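**Q** sequence plus the predicted model coming up.
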Amino acid sequence: MRLNHSLVLTLLLGTFLATGEWAPADEPAQAPDVIARPDAFETLIHPNCSHCRVEANRRQAALRDDDRVLCWVQVQTDNYVNDGVIPIRFFLNAYRVLSDSWGIFVHDPDAGFARGFAPDDGPFRFYGWRKGVMVMKSDQDGTLYSCLTGVAFDGPKKGHRLEPRPTLVTDWGFWQKRYPQSVAYFMYDKYQPVDLPGQVNGDSRKSRPPVDGRLPADTMVLGVWDGKQARAYPLDALEKAGVIHDTADGRPRIVFWYGPTRTAAAYHQPWGTSGLQGDAGWIFRVDETLKEAPFTNQRIGLHWDITGRAVEGGPRLIGMDSVQVKWFAWAAEYPETSIYGQEVAAGDSKPFQDSSHETAKPHGNLDIASRRFALVQGVDVPRERVTLLIDGETEPKQWPLRPDAEIWHDGWWGRLDQFAEGQRVWVWFDTDDAKRFVAVSLLADELSQQAFYAPPEFDEAFKKRRAAQQALLRRRWADEGLPGTLIFLHPDRRQVELILDHEALPWARSLQAGEQVTIRAADDAPAVVRQVRPWRERTQLLLEIDASSMAALTVGERVKLRSTVPRAESDEDLPPGLGKSQNKADRLEWLMSAVYCTCGMHDGCAGHFFTLAACDAGQDKPCGLAKRTREELGVMIDKGYTDRAILDELLSQRGGNLLRPHMLP
């Protein structure tokens, strides 16, 4: 059911006025959980076996060198006869699922993948589609499995994951020449080549949820699952690199691209596999003069093929669970997947230092080309994602929010759960090096967007709504805590460092050394404030914590900080922390990180929405106003002005925009 925008807003506003609380929006309409079409494709059960060499002679007139084949690689032996190959045109185009004692092999052309799993309680048969991905069903107990992940999502064995069979999609000519003795299926005359239809299956498309907007839906990627995390490697990036050396969760991996057959595969870095010292530092490159085994280790000079075998008898590479697949399908099954080449820039925060005070360097500008208007199509609060239909586009897309994304509602900071389906919003995106959108950095309703461009008190109705929103956020700050990110752990000192988001500025900077607070993560952790300092428009805290609580915390984890001392509304009227420091350098940072730019430059400049400290005057092309303001502040400090007197002077010169995020037309 699609909700009427005006009705939703009326209901939400009525509930808020009556109770003082915002009612959650109804869940948006979802794609069907499963579209069952068990009769759409017959499943092939236990076909007879033969060998590649035999079948190459049997069907030499019909098999082409460029026929795509699904190959499985036996990991427990180097006796290549136990490898296997399935010509896709002859078997999997028609049957989609092949289930026998060698394994369970699936082909989903609409989602762009073919892969295999080790034999399990079956046989397994084609059943339908879910999330645009084929579903199969176990004959034994009726459990339903994703053909992409092998995870059971419904039935007696829900949660069970089939063991992945190392598989590759390659060409018949390459495979039967390289591994002629491997297993094949007996190609009786009844197995005739079947070409795929030119259009996507309607039921497959109907079952798809909105695509994750970080990549175009049909972008081919190599999806890798390491048991804890999913990661996608766009094939265009792999094709350019040939070999990618990557690390996930501290564990190194290698990803190969074999150009002649357009085949990708991922392997664990071969540490400890050869008995030689320094294996963890192996570096591979592509030697294009070697046609079948071009992946060359630069240290020992051995050569590997795409199956992970060294032709000179070197160590066998240990394969990872990887599959070539379309992005929409991979992201639907692994919504938390990262994307190679789209990493969010690491924070540049520095730890507290006893001997020196290092200030924040330039923030980097908002990119005016990344802003759009859109309609909300769905909100996933727990996973911090929003589905948007961007103006000018025809299909909604789902986007992750950057962990510290700016969220604004009714002219003030807000929460994702306040947005309803059908609501018109204003969005800014983070972009990668190719200028592709990767995550939402700012999400605002239309009223907030108008407020960014208008004087702060542009009408009475707005003032009332903003006051109500401020009261709501004040309650949530008190009850839930201030949002932030853990950036450093110091186990030896039993201390952690936390950086609180922009929205926390009014309360965070009024925290005092010695104050007791609580870090709200998976488990609440009591802490004591030791130091507070500004970091641009964010606030960095040094906290003392019990050793047992520290063990459960992780750098990069999103947490909330709850204070035991109530904050007065006056804490939000003027920047807190004024007069807290006596040192000139510290005073400059407190002041620069509490005021916003009021120059006439366009809103591509970070100084309007972020504090003036974001435009640090020490960069190669310093912001003129930031440089001049820092100099003026220094002169006033030298003359004995108090911080409050300095702020009053700036306000008299530059107006109310000095103390609020804003934009210029």
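**A** Now that the structure is in, tell me what you want to look at. Residues are numbered from 1 along each chain as shown.

**Q** rest of the way, CA atoms for contacts and neighbours
**A** Noted.

**Q** how many neighbours does D287 have?
**A** Look at D287: counted by other CA atoms under 10 Å, it has 14 neighbours.

**Q** quick one: it from P294, how far?
**A** Going from D287 to P294 by CA to CA, to the nearest Å gives 5 Å.

**Q** same question for Y95.
**A** Separation of Y95 from P294 (CA to CA): 34 Å.

**Q** now do the same contact list for the nearest residue to M220 once chain neighbours are set aside.
**A** Closest residue to M220 apart from its sequence neighbours, by CA to CA, 6 or more residues apart in numbering: K326 at 4.5 Å. By CA atoms under 8 Å, 6 or more residues apart in numbering, the residues touching K326 are A111, G112, F113, A217, D218, T219, M220, V221.

**Q** neighbouring strands - and their directions - for the host helix or strand of F373?
**A** Secondary structure from DSSP states H and E places F373 in strand 371-380. As defined by DSSP bridges, the strand partners of strand 371-380 come to strand 385-390 (antiparallel), strand 424-431 (antiparallel).

**Q** which residues in the stretch 201-350 of the chain form strands?
**A** Taking DSSP state E, counting those that start in this stretch as the criterion, the stretch 201-350 of the chain contains strands spanning 211-212, 220-225, 230-234, 243-248, 251-258, 263-268, 284-286, 295-297, 303-304, 321-326, 338-339.

**Q** surely T143 and V151 touch.
**A** No. T143 lies out of contact with V151 (CA atoms under 8 Å); the separation is 10.1 Å.

**Q** could you look up the SS state of S99?
**A** Recorded secondary structure, S99: strand (DSSP: H, G, I helix; E, B strand; the rest coil).

**Q** confidence score at it?
**A** With respect to pLDDT, S99 has a value of 92.

**Q** go on, the one 10 residues further on?
**A** P109 carries a pLDDT score of 96 in this model.

**Q** the one 4 residues further on too?
**A** The per-residue pLDDT reported for F113 equals 97.

**Q** then the one 3 residues further on?
**A** Residue-level confidence at G116 comes out at 95, pLDDT.

**Q** quick one, domains of this protein?
**A** What automatic domain parsing lists as the domains of the chain is 35-205, 216-339, 357-474, 481-569, 584-659.

**Q** OK, contacts around R165?
**A** Shown in contact with R165 (CA under 8 Å, 6+ apart): W72, V73, G103, R115, G116, F117, A118.

**Q** any chance you could list what contacts stretch 36-51?
**A** Under CA under 8 Å, 6+ apart, the answer for stretch 36-51 is 94-101, 123, 125-129, 180-186.

**Q** same thing with stretch 657-665?
**A** Contact with stretch 657-665 is made by 451-453, 455-456, 574-575, 594-598, 600-603, 608-611, 650-651, as judged by CA under 8 Å, 6+ apart.

**Q** for ChimeraX, what selects the buried ones among those?
**A** Here is the ChimeraX selection string for the buried members of the contacts of stretch 657-665, based on 16 or more other CA atoms under 10 Å:
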select :451,452,456,575,594,595,596,597,598,603,608,609,610,611,650
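
**Q** in helices, which of the contacts of stretch 657-665 appear?
**A** Taking DSSP state H, the ones among the contacts of stretch 657-665 that sit in helices are A451, F452, Y453, H608, F609, L650, L651.

**Q** out of the residues you listed, what pair is the most spread apart?
**A** By the measure CA to CA, A451 and L650 form the most distant pair in the ones in helices among the contacts of stretch 657-665, at 22.1 Å.

**Q** output the longest helix seen in the chain as PDB, nothing but the C-alphas.
**A** Longest helix of the chain, by residue count under DSSP H: helix 460-480. Only the C-alpha atoms of helix 460-480 are listed here, as PDB (Å, rounded to 0.1, in the frame of the first residue of the first chain):
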ATOM      1  CA  GLU A 460       6.000  32.600  13.300                       C
ATOM      2  CA  ALA A 461       4.700  29.200  12.200                       C
ATOM      3  CA  PHE A 462       8.200  28.000  11.400                       C
ATOM      4  CA  LYS A 463       9.500  29.200  14.800                       C
ATOM      5  CA  LYS A 464       6.800  27.100  16.600                       C
ATOM      6  CA  ARG A 465       7.700  24.000  14.600                       C
ATOM      7  CA  ARG A 466      11.400  24.400  15.100                       C
ATOM      8  CA  ALA A 467      10.900  25.000  18.800                       C
ATOM      9  CA  ALA A 468       8.900  21.700  19.000                       C
ATOM     10  CA  GLN A 469      11.700  19.900  17.100                       C
ATOM     11  CA  GLN A 470      14.300  21.400  19.400                       C
ATOM     12  CA  ALA A 471      12.300  20.200  22.400                       C
ATOM     13  CA  LEU A 472      12.000  16.700  20.900                       C
ATOM     14  CA  LEU A 473      15.800  16.500  20.200                       C
ATOM     15  CA  ARG A 474      16.500  17.800  23.700                       C
ATOM     16  CA  ARG A 475      14.500  14.900  25.100                       C
ATOM     17  CA  ARG A 476      16.200  12.400  22.900                       C
ATOM     18  CA  TRP A 477      19.700  13.700  23.800                       C
ATOM     19  CA  ALA A 478      18.700  13.400  27.500                       C
ATOM     20  CA  ASP A 479      17.100   9.900  27.100                       C
ATOM     21  CA  GLU A 480      19.200   8.300  24.400                       C
END
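
**Q** show the subsequent helix or strand relative to it.
**A** strand 482-490.

**Q** other SSEs contacting that following strand?
**A** Under the contact definition 3 or more CA pairs under 8 Å, 6 or more residues apart in numbering; DSSP states H and E, strand 482-490 sits against strand 495-500, strand 558-563.

**Q** any idea which of these is most buried?
**A** strand 495-500 (a mean of 24; mean count of other CA atoms under 10 Å).

**Q** before we move on, back to that, can I have the buried ones of the contacts of K326 as a PyMOL selection?
**A** In PyMOL, this line selects whichever of those come out buried by 16+ other CA under 10 Å:
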select buried, resi 111+112+113+217+220+221
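
**Q** biggest separation within the contacts of K326, which pair?
**A** Of all pairs in the contacts of K326, the most separated under CA to CA is F113 and A217 at 13.9 Å.
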